[in-house]
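Q: The amino acid sequence is not available; the structure is as follows:
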């Protein structure tokens, strides 16, 4: 079956530009998570959704970052006025629900490079 | 502060040898601990998951241990293969927080022929 997909796989942009990163979760998964992974580091939590609502966005670094999931399926992570420090791998994961023991299934990530 | 620390940061071993990776955590309240394998440029893939009451879990050549009292875990890889070369990440989930994961920085394993 189809896993989590993310597009684009690579995104190169210039400082100050706006970018959107897309995540298609596994069908039927109500929980969706966004993580950011810098080179040589483990992923860091950004935000997660239960259905359409952001259940916890405490990991978003500042108000330039925003994520939506309008229909409870596909999610878009939006970054305004990109900075070079935003360069990282952005990972999305989905899970059947927010229950503690559920597996999170990760997508391949989007590699964002801000020049 | 909820943290997950791993050691060593990197490791190089000969094909066929065994190795053990370490993980210490301070995440509380504890729900479960997972080990993930992450190939370069790919998303993490789950290897094992252990709850508070489990102290060992195997998945093929991978064996994870958990000591919930000392808040330590290890991942033992036996008879290493070239395809084991990857980053191994320890992940701890806090209880009752929407299954939020806390990731370690990973151990980069390189298996050489």
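A: Nice, thanks for sending it over. The structure displayed is predicted, hence computed values, not measured ones.

Q: Could you pull out the strands in chain B for me?
A: Using DSSP state E, the strands of chain B run over residues B:4-7, B:10-14, B:19-25, B:30-38, B:45-51, B:56-59, B:62-67, B:72-77, B:86-94, B:101-103, B:107-112.

Q: ok, and the helix or strand in chain A with the lowest average confidence?
A: strand A:53-56 (a mean of 86; mean pLDDT, DSSP states H and E).

Q: next helix or strand past it?
A: Proceeding N to C from strand A:53-56, the next assigned helix or strand is strand A:65-68, under DSSP states H and E.

Q: Buried residues, that following strand. List them.
A: Going by neighbour count (16 or more other Cβ atoms under 10 Å in any protein chain shown), the buried part of strand A:65-68 is A:65, A:67. For the C-beta atoms, the positions are set from N, CA and C on the backbone; glycine is no exception.

Q: now do stretch B:32-42
A: Going by neighbour count (16+ other Cβ under 10 Å), the buried part of stretch B:32-42 is B:32-38, B:42.

Q: which other residues reach that stretch?
A: A:89, A:100-101, A:108-109, A:111, B:23, B:25, B:44-52, B:62, B:64, B:66, B:73, B:75, B:86-93, B:101, B:106 (Cβ atoms under 8 Å, 6 or more residues apart in numbering or on different chains).

Q: how far is it from where the chain is centred?
A: Computed by Cα atoms, centre = their mean, to the nearest Å, the chain-centroid distance of stretch B:32-42 equals 8 Å.

Q: same deal with stretch B:67-78?
A: That offset, for stretch B:67-78, works out to 8 Å (Cα atoms, centre = their mean).

Q: Now do the end-to-end distance for that stretch.
A: Terminal residues of stretch B:67-78 lie 20 Å apart, using Cα to Cα, to the nearest Å.

Q: ok, it near chain A or not?
A: No - remark: stretch B:67-78 sits outside contact range of chain A, by Cβ under 8 Å from any Cβ of the partner chain, the gap being at least 14.3 Å.

Q: who touches residue A:44 in this structure?
A: Shown in contact with residue A:44 (Cβ under 8 Å, 6+ apart): A:35-38, A:59, B:103.

Q: farthest pair in these?
A: Longest distance between any two of the contacts of residue A:44 is 13.5 Å, between A:38 and A:59; criterion Cβ to Cβ.

Q: higher neighbour count, the two?
A: A direct count of neighbours by other Cβ atoms under 10 Å in any protein chain shown for residue A:38 and residue A:59 places residue A:59 higher, at 16 against 13.

Q: what about the more buried one, distance to residue B:10?
A: Distance of residue A:59 to residue B:10, computed by Cβ to Cβ, to the nearest Å: 27 Å.

Q: Beta-bridge partners for residue 112, please?
A: Chain wasn't specified; assuming chain A. On the basis of DSSP bridges, residue A:112 takes part in beta bridges with residue A:11, residue A:88.

Q: my question was about chain B
A: Under the criterion used (DSSP bridges), residue B:112 bridges to residue B:14.

Q: Which residues lie in contact with it in this structure?
A: The contact partners of residue B:112, taken as Cβ under 8 Å, 6+ apart, are B:12-15, B:82.
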